[in-house]
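Asker: Would you be able to build a 3D model of this:
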Amino acid sequence: MPAHLLREVENLKKDILRLGTLAEQAVREATLAIENRDEELAQRVIDNDITIDEMEVQVEESCLKILALYQPVATDLRFIIAVLKINNDLERVGDLAVNVAERAAFLATQPPLGLAFDFQAMAFHAQQMLKKSLDALVGFSADLAHEVCASDDEIDAMNRRIYLEIQEAIHAHPHQTKSLIHTLSVSRHLERIADHATNIAEDVIYMIDGSIVRHKAEDYKSTPADVNSSVQ
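Answerer: Next up is the predicted model:
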């Protein structure tokens, strides 16, 4: 790889990781705002989204510059394509964190529901998937990326469980329907964050192996035994 291209790729890797860190932070703070009924923290997540948007544009411009100036091929080309797609997923994660924060800001102004929904476990799982997908990108680890993909079923099950719990709660407490619907939205947004983490992991697999695994859940089962056992 020419020295100039190597330098540009390294800078690009740093930028996409910085964007990933910002997205992770937004998800973490939005979830804390829900747990602590913290309207101020929720507003901070909303206000900080502009930084994620600006970073996303910067990363895209860097990718296009590299493609135009260096015309990379093979692994380098797959890396640039993967980063372009990952960049978009991270920006969407930031938007979803804002959606969670908006729900948090509303719920903070309402009487407590007095009902327990396990958003902490769901949010932790989504954040771990996001972190692992970025670790897979940095470490060029297809195994770790497969692990992220295989773990998506767990958070889907959490979302379905919360949906059923909220459905029952609406019947039992119809006067709290508005707050419960906002609460249901939080679950859906966290599930979508996990979907974007899965997208990132799929792009990492493409970057490393050159194989497109979207819509091929059976490919997630082809990981080594130790990886499969860690997500069961």
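Asker: which residues sit in contact with Arg7?
Answerer: Counting by CB atoms under 8 Å, 6 or more residues apart in numbering, Arg7 touches no other residue. For every residue, glycine as well, the C-beta is placed using N, CA and C.
Asker: quick one: it and Ala150, what's the gap?
Answerer: In this view, Arg7 and Ala150 are 36 Å apart by CB to CB, to the nearest Å.
Asker: name the helices or strands packed onto the helix or strand where Thr183 lies?
Answerer: Applying DSSP states H and E as the criterion places Thr183 in helix 177-209. In terms of contacts (3 or more CB pairs under 8 Å, 6 or more residues apart in numbering; DSSP states H and E), helix 177-209 is packed against helix 3-36, helix 74-107, helix 119-139, helix 142-150, helix 152-172.
Asker: and the ones you listed, which is most packed in?
Answerer: Greatest average neighbour count among the helices and strands packed on helix 177-209 goes to helix 142-150 (a mean of 24), per mean count of other CB atoms under 10 Å.
Asker: Now do that one: which elements does it pack against?
Answerer: For helix 142-150, where contacts count as 3+ CB pairs under 8 Å, 6+ apart, the packed elements are helix 119-139, helix 177-209, helix 225-230.
Asker: In JSON lines: those helices, plus mean pLDDT and distance to Pro72.
Answerer: Listed next are the helices and strands packed on helix 142-150 as JSON lines, based on pLDDT from 0 to 100; distance: least, CB to CB, whole Å:
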{"stretch": "helix 119-139", "mean pLDDT": "90", "distance to Pro72": "17"}
{"stretch": "helix 177-209", "mean pLDDT": "93", "distance to Pro72": "12"}
{"stretch": "helix 225-230", "mean pLDDT": "37", "distance to Pro72": "30"}
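Asker: Any chance of those helices in JSON lines with distance to Asn159 as columns?
Answerer: Converted to JSON lines, these look like this (distance: least, CB to CB, whole Å):
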{"stretch": "helix 119-139", "distance to Asn159": "7"}
{"stretch": "helix 177-209", "distance to Asn159": "4"}
{"stretch": "helix 225-230", "distance to Asn159": "21"}
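Asker: give me the low-pLDDT residue ranges for the chain?
Answerer: 1, 115, 215-232 (pLDDT under 70).
Asker: if we go to 90?
Answerer: 1-6, 9, 35, 71-76, 110-124, 137-139, 172-173, 176, 207, 209-232 (pLDDT under 90).
Asker: picking that back up, which of the helices and strands packed on helix 142-150 sits closest to Ile50?
Answerer: In terms of CB to CB, the element of the helices and strands packed on helix 142-150 nearest to Ile50 is helix 177-209, at 19.1 Å.
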